[in-house]
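> model this:
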Amino acid sequence: MTVEIDNSYTLQLPRTKETYEKLRNDLLNLCGTVPLHRRFRALFTLKGLGDNKAVEIIAEGKSYGSKSSNEKENPFEFFLKKKV
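Residues are numbered from 1 along each chain as shown. Predicted structure coming up:
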């Protein structure tokens, strides 16, 4: 049995300063009104981009978000509690 996997999917986002700034603002919830699902979407979008700028923003979010111990406010808390 042969299984073929389609690896042709790539994230088609413009890698502009505005894109990264929007994702950063959503992830860090700087305005205080970003719904949790949008924060997770920003996190996984950055993960999908996978470049140095995206990693820097995720790292910033981890240290910024670790000040909150409430999992509902901090998407990183979910991952920090997981034992790998």
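> Quick check: mean pLDDT of stretch 15-32?
For stretch 15-32, the mean per-residue pLDDT is 91.
> brain fart, stretch 56-74
Taken as a whole, stretch 56-74 has a mean pLDDT of 68.
> all helices for the protein, in order.
Taking DSSP state H, the helices of the chain run over residues 17-28, 36-49, 52-65, 75-81.
> and the third one, what other elements does it pack with?
Based on contacts counted as 3 or more Cβ pairs under 8 Å, 6 or more residues apart in numbering; DSSP states H and E, the elements that helix 52-65 packs against are helix 17-28, helix 36-49, helix 75-81. Bear in mind the C-beta positions are built from the backbone N, C-alpha and C, glycine included.
> Of all those helices, which one is nearest Ser63?
When the helices and strands packed on helix 52-65 are compared by Cβ to Cβ, helix 75-81 sits nearest Ser63, at 9.1 Å.
> that older thread, save the helices of the chain as JSON lines, and put in mean neighbour count too.
Output for the helices of the chain, formatted as JSON lines (neighbours: other Cβ atoms under 10 Å):
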{"stretch": "helix 17-28", "mean neighbour count": "16"}
{"stretch": "helix 36-49", "mean neighbour count": "16"}
{"stretch": "helix 52-65", "mean neighbour count": "16"}
{"stretch": "helix 75-81", "mean neighbour count": "14"}
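> quick revisit: and of the helices and strands packed on helix 52-65, who's closest to Val55?
Between Val55 and the helices and strands packed on helix 52-65, the tightest spacing by Cβ to Cβ is seen for helix 36-49, at 7.9 Å.
> Now do the closest one against helix 52-65, angle only.
140 degrees (axes from the mean of the first three to the mean of the last three Cα atoms, to 10 degrees).
> Output the contacting helices and strands for helix 36-49.
Secondary elements touching helix 36-49 (3+ Cβ pairs under 8 Å, 6+ apart): helix 17-28, helix 52-65, helix 75-81.
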